[in-house]
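Chemist: Predicted model and sequence below, questions to follow.
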Amino acid sequence: MPHPAPNPDRLADEIARQLGRLSDHLAILPAGEATRVIARVLDSEDGVLGRFTHLVATGSIFAKTQAERGSLPAEVWLALGRAANELHDIGLDLDEHTDTLQRLHTRPAVTAKPPTAAPLVVRRRR
């Protein structure tokens, strides 16, 4: 007997709660684990960003159909399509950094020289 489909509203609420929990957990993870989690989240195929992009694109297709029937304003469809395209572009931009995060996680720790801060994060001493 097939398992009944979950209530979509409850599923969306549960996914939002789980994302909140993941964010809270990420904030306290050690650096190596955090980089691994971030890399998984940013994965353009199976990560949260890729799946969310697909969800917005699917919403755009639905909105297009509804706009063509006159039950939704065309602006809704256009906004969802634009959001899906921008999310896709963001995913492409982040793909190169996902590899860096994965390498950072798998690289053995070097204790001879402490890491050097990047110029964007160097703070002035007062």
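Modeler: Everything's here; your move.

Chemist: Just the element for the residue sitting nearest the centre point of the chain, please.
Modeler: Centrality entry for the chain: nearest residue to the mean C-alpha point is residue 49, 2.7 Å, by C-alpha atoms, centre = their mean. Using DSSP states H and E, residue 49 sits within helix 48-69.

Chemist: Show me what the mean pLDDT comes to for the very next helix or strand once past that helix.
Modeler: The C-terminal neighbour of helix 48-69 among helices and strands, as given by DSSP H and E, is helix 74-106. Within the predicted structure, the mean pLDDT of helix 74-106 is 89.

Chemist: which parts of helix 74-106 are buried?
Modeler: By neighbour count, and taking 16 or more other C-beta atoms under 10 Å as the criterion, the buried residues in helix 74-106 are 76-77, 80-81, 84, 87-88, 91, 94, 98, 101-102, 105. Just so you know, the C-beta spots here come from the backbone N, C-alpha and C atoms, and that holds for glycine as well.

Chemist: JSON lines please, covering those residues and showing distance to residue 21.
Modeler: Written out in JSON lines, the entries for the buried residues of helix 74-106 read as follows (distance: C-beta to C-beta, whole Å):
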{"residue": "76", "distance to residue 21": "30"}
{"residue": "77", "distance to residue 21": "32"}
{"residue": "80", "distance to residue 21": "27"}
{"residue": "81", "distance to residue 21": "31"}
{"residue": "84", "distance to residue 21": "26"}
{"residue": "87", "distance to residue 21": "22"}
{"residue": "88", "distance to residue 21": "26"}
{"residue": "91", "distance to residue 21": "23"}
{"residue": "94", "distance to residue 21": "22"}
{"residue": "98", "distance to residue 21": "22"}
{"residue": "101", "distance to residue 21": "21"}
{"residue": "102", "distance to residue 21": "23"}
{"residue": "105", "distance to residue 21": "21"}
